[in-house]
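[1] Provided below are the primary sequence and the corresponding predicted coordinates.
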Amino acid sequence: MYDLQDMKETNQLRDAYGDDIILYDDRERSMTYKLLAEFLLGDRGYAVLQRENAKNEEPELFRVTSTAGGELELETIDDDEEWENVSELYDEMTFPQDEM
């Protein structure tokens, strides 16, 4: 699918909302997340968020889309292959392997 060199870092969410993003669960409870990274792969945007006060949990990956009005939205990545590829690339970006 994509390789690390295909990733392009962006700041569209950070510019629009700052480092803290509030999301709502299915019961309309708010949860605050820290924006760790956002990047483009091809024509799709992705964001990596860490739930506040959950430092020991894995960060969550979302697809970034925009509405017809230009407002940014976060979507759950339902496709397992897409999620796995994005997750692996984020890990490579965050924890680069030492070259032998």
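    Good, I have the coordinates.

[2] okay, CA-based contacts and neighbour counts for the rest of this
    Fine.

[3] Show me which helix runs longest in this protein.
    helix 80-94 (DSSP state H).

[4] same for that helix, what does it pack against?
    Other helices and strands packing on helix 80-94, by 3 or more C-alpha pairs under 8 Å, 6 or more residues apart in numbering; DSSP states H and E, are strand 60-66.

[5] report the angle between the axes of the strand it packs on and helix 80-94?
    110 degrees (axes from the mean of the first three to the mean of the last three C-alpha atoms, to 10 degrees).

[6] For the longest helix of the chain, C-alpha coordinates in PDB please.
    Provided in PDB are the C-alpha atoms of helix 80-94 (Å, rounded to 0.1, in the frame of the first residue of the first chain):
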ATOM      1  CA  ASP A  80      -8.400  -3.600   8.700                       C
ATOM      2  CA  GLU A  81      -5.800  -3.500   5.900                       C
ATOM      3  CA  GLU A  82      -5.900   0.300   5.800                       C
ATOM      4  CA  TRP A  83      -5.700   0.600   9.700                       C
ATOM      5  CA  GLU A  84      -2.800  -1.900   9.800                       C
ATOM      6  CA  ASN A  85      -0.900   0.000   7.100                       C
ATOM      7  CA  VAL A  86      -1.400   3.400   8.700                       C
ATOM      8  CA  SER A  87      -0.500   2.000  12.200                       C
ATOM      9  CA  GLU A  88       2.700   0.400  11.000                       C
ATOM     10  CA  LEU A  89       3.800   3.600   9.200                       C
ATOM     11  CA  TYR A  90       3.100   5.700  12.300                       C
ATOM     12  CA  ASP A  91       5.200   3.300  14.300                       C
ATOM     13  CA  GLU A  92       8.000   3.500  11.800                       C
ATOM     14  CA  MET A  93       7.800   7.300  11.900                       C
ATOM     15  CA  THR A  94       7.700   7.400  15.700                       C
END
